[in-house]
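Student: need a structure here:
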Amino acid sequence: MSRIGQKPVEVPTGVNVSVEGGRIAVKGAKGELFFDAPPTLAVTVENGHLQVEPKGKDKHTRAMHGTVRSLLANMVKGVSEGFERQLVIQGVGYKAQMKENTLVLNLGYSHAIEYAIPEGVTVTVKDPTSLIVSGADKQKVGEVSARIRGYAPAEPYKGKGVRYRDEIVRRKAGKAVS
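Tutor: Model prediction:
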């Protein structure tokens, strides 16, 4: 059995969890998230704890046991606290700005890159070279952050590009002149 799957998920006050069939709805201060659990797993809410139990012992059920528990724990944390990723932009002339619900990035190309922010995710431009991507859904926050970073990942010679705040870019020596 999964060691992670056996642990109950503590539901904090202010978070409502409802289980109807295989559909789990988690509602809190930061929003509402839904998840359809596989039919081979039983999800129950008892005494402020969310428990995931396998209905069988086949390989797929065992594999999904811990995964579903982790996804539910992330949903509970997301609607109560939220998730965020911080991005840093480095480079001469590299900058970001918001226009309504669109992020406009100048990353050294001949044109500006316009990225429409999906629903459920908030992008805050603290200053032209730092961004904060936040939301209740961990997967969406990570996906939006990765897409923004993917437009110009930090390169190893001058460090120009977009990187995560906690990312370390290994710098390489340039061409050696003898």
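Student: Which strands and helices lie in contact with the longest helix that the chain contains?
Tutor: The longest helix of the chain (DSSP state H) is helix 59-80. In terms of contacts (3 or more Cβ pairs under 8 Å, 6 or more residues apart in numbering; DSSP states H and E), helix 59-80 is packed against helix 3-6, strand 9-10, strand 23-28, strand 31-36, strand 41-46, strand 49-54, helix 138-150. All C-beta atoms are positioned from the backbone trio N, CA, C, and that covers glycine.
Student: Mean neighbour count and mean pLDDT for the ones you listed - can I get that in CSV?
Tutor: Below are the helices and strands packed on helix 59-80 laid out as CSV (neighbours: other Cβ atoms under 10 Å; pLDDT from 0 to 100):
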stretch, mean neighbour count, mean pLDDT
helix 3-6, 14, 85
strand 9-10, 16, 92
strand 23-28, 19, 94
strand 31-36, 14, 93
strand 41-46, 15, 91
strand 49-54, 18, 91
helix 138-150, 17, 96
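Student: so which of these comes closest to residue 71?
Tutor: Distance to residue 71, taken as Cβ to Cβ, is lowest for strand 31-36 among those, at 6.3 Å.
Student: what packs against that closest one?
Tutor: strand 23-28, helix 59-80.
Student: Direction included, what does the helix or strand following the longest one pair against?
Tutor: Spelled out, it's helix 59-80. Later in the chain than helix 59-80, the nearest helix or strand by DSSP states H and E is strand 83-90. Partners of strand 83-90 in the sheet, by DSSP bridges, are strand 130-135 (antiparallel), strand 161-164 (antiparallel).
Student: could I get those as JSON lines with mean neighbour count and distance to residue 123?
Tutor: What follows is the strands paired with strand 83-90, written out as JSON lines (neighbours: other Cβ atoms under 10 Å; distance: least, Cβ to Cβ, whole Å):
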{"stretch": "strand 130-135", "mean neighbour count": "20", "distance to residue 123": "5"}
{"stretch": "strand 161-164", "mean neighbour count": "20", "distance to residue 123": "13"}
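Student: Those strands: which one's closest to residue 113?
Tutor: strand 161-164 (10.4 Å).
Student: Can you find the helix or strand of the protein with the lowest average pLDDT?
Tutor: Lowest on mean pLDDT, DSSP states H and E among the helices and strands of the chain sits helix 3-6, with a mean of 85.
Student: who does it touch, helix- and strand-wise?
Tutor: By 3+ Cβ pairs under 8 Å, 6+ apart, helix 3-6 packs against helix 59-80.
Student: buried set for the helix it packs on?
Tutor: In terms of neighbour count (16 or more other Cβ atoms under 10 Å), helix 59-80 has its buried residues at 61, 64-66, 68-80.
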